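Asks: model the following, please.
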Amino acid sequence: MPFLNLRLAGLALTDLRRQSLQRRLTDLTEQHLAKRHDLTAVLIEEVAVAGWTVGAAPVPVAAHLEIVVTEGTNTPAQKSAFLEAVGALLREVAGPGLPVASYGLIREIPAESWGYDGQTQAARRVA
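Replies: Got it, this is the predicted structure:
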């Protein structure tokens, strides 16, 4: 049950392009992190490029992806493969102007500290 938050700057996404990106992120999450497709939530936020710098210099386009997963549910190899695939996707979407300092972050939360539908992940394991 991961939650992905992608922040993009300098790109104007159409609804169709946004939905395609959400679907592709969901697919990569299932493929590389073995997460359930039907429980993967994706939020794409478009922010002003004027608010984003790298090395204190303005950039034409930028991206940052954060995914939240339950702690201990993925191996280092899975996480590495996921971040590599996401990096390739972001370079494809944003083009050659995407800074190298476009980060992917996997945040691991203890099972007793988060959940969905009113139940923690720890409680789901017990049930």
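
Asks: mind listing the helices for the chain?
Replies: Applying DSSP state H to the chain gives helices spanning 15-33, 76-94, 121-126.

Asks: any buried residues in the shortest one, and which?
Replies: Right, the one you point to is helix 121-126. By neighbour count on 16 or more other Cβ atoms under 10 Å, the buried set for helix 121-126 is Gln121. To be clear about C-beta, it is placed using only N, CA and C from the backbone, and glycine gets the same treatment.

Asks: next, format the helices of the chain as a markdown table and append mean pLDDT.
Replies: A markdown table is the format used below for those (pLDDT from 0 to 100):
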| stretch | mean pLDDT |
| --- | --- |
| helix 15-33 | 98 |
| helix 76-94 | 97 |
| helix 121-126 | 89 |
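
Asks: want to throw these into TSV with distance to Pro110?
Replies: TSV is the format used below for the helices of the chain (distance: least, Cβ to Cβ, whole Å):
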stretch	distance to Pro110
helix 15-33	17
helix 76-94	17
helix 121-126	8
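
Asks: alpha carbons of stretch 45-65, as CSV, please.
Replies: Provided in CSV are the C-alpha atoms of stretch 45-65 (Å, rounded to 0.1, in the frame of the first residue of the first chain):
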residue,chain,number,x,y,z
GLU,A,45,1.8,18.0,-8.0
GLU,A,46,2.9,20.6,-10.5
VAL,A,47,4.8,23.4,-8.8
ALA,A,48,6.3,26.7,-10.1
VAL,A,49,9.7,26.2,-11.6
ALA,A,50,10.6,29.6,-10.2
GLY,A,51,10.7,28.1,-6.7
TRP,A,52,13.2,25.4,-7.6
THR,A,53,17.0,25.6,-7.8
VAL,A,54,19.8,23.2,-8.0
GLY,A,55,23.2,24.4,-6.8
ALA,A,56,21.5,27.7,-6.0
ALA,A,57,20.8,28.2,-9.8
PRO,A,58,17.4,28.2,-11.4
VAL,A,59,16.5,25.2,-13.5
PRO,A,60,14.1,24.9,-16.5
VAL,A,61,12.6,21.7,-15.3
ALA,A,62,12.8,19.6,-12.1
ALA,A,63,11.3,16.5,-10.4
HIS,A,64,11.3,14.9,-7.0
LEU,A,65,9.6,11.6,-6.2
